[in-house]
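Turn this into a structure:
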Amino acid sequence: MITLHDMNQSWTAPEGFNFIGVEPKGGYLVVTFARRYEGDAVVRGSTDIVTVYLESQGREVMRTVEEFLDPVVVAKPPEPKPIPARFKFWNGFLLALEGLQEMMRCLKK
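Presented below is the predicted three-dimensional model:
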């Protein structure tokens, strides 16, 4: 969910948020802040990101507030079963036959 606030005034940093970064975008300077909820918060494992857009004179033009929920952690897939020795031997035998066949083709030329 994204909320847009049209401020058009001198800007202040949002309370309780950590500074993330600054980057220029066109005629604006974009300042980003983030806050992560952990433990007994309202929504556990969520992150709020506030993006503040400043004009050339340092006045806040608009501000967006985004809320992200972390995806559910999925268990990793099980490890594949080991390949039996008979299949390894058969595969090696077929590779050797292919090598002999290639050698015979080269000798015929």
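
where does this structure have low pLDDT?
Applying pLDDT under 70 to the chain flags residues 1-10, 38-45, 70-74.

50 instead?
For the chain, the stretches flagged by pLDDT under 50 are 41.

Mind giving me the packing neighbours of whichever helix or strand residue 103 is part of?
Per DSSP states H and E: residue 103 is located in helix 85-108. Applying 3 or more C-beta pairs under 8 Å, 6 or more residues apart in numbering; DSSP states H and E, we find helix 85-108 packed against no helix or strand. For the C-beta atoms, the positions are set from N, CA and C on the backbone; glycine is no exception.

Where is the longest strand in the chain?
In terms of residue count, the longest strand belonging to the chain (DSSP state E) is strand 59-69.

Run me through the strand neighbours of that strand, direction for each.
The strands beside strand 59-69 in its sheet (DSSP bridges) come out as strand 2-10 (antiparallel), strand 46-54 (antiparallel).

quick one: buried residues of it?
Neighbour-count burial for strand 59-69, counted by 16 or more other C-beta atoms under 10 Å, picks out 60, 61, 63, 65.

again with stretch 52-61
52, 53, 54, 60, 61.

Also stretch 81-98?
Using 16+ other C-beta under 10 Å as the test for burial, stretch 81-98 gives no buried residues.
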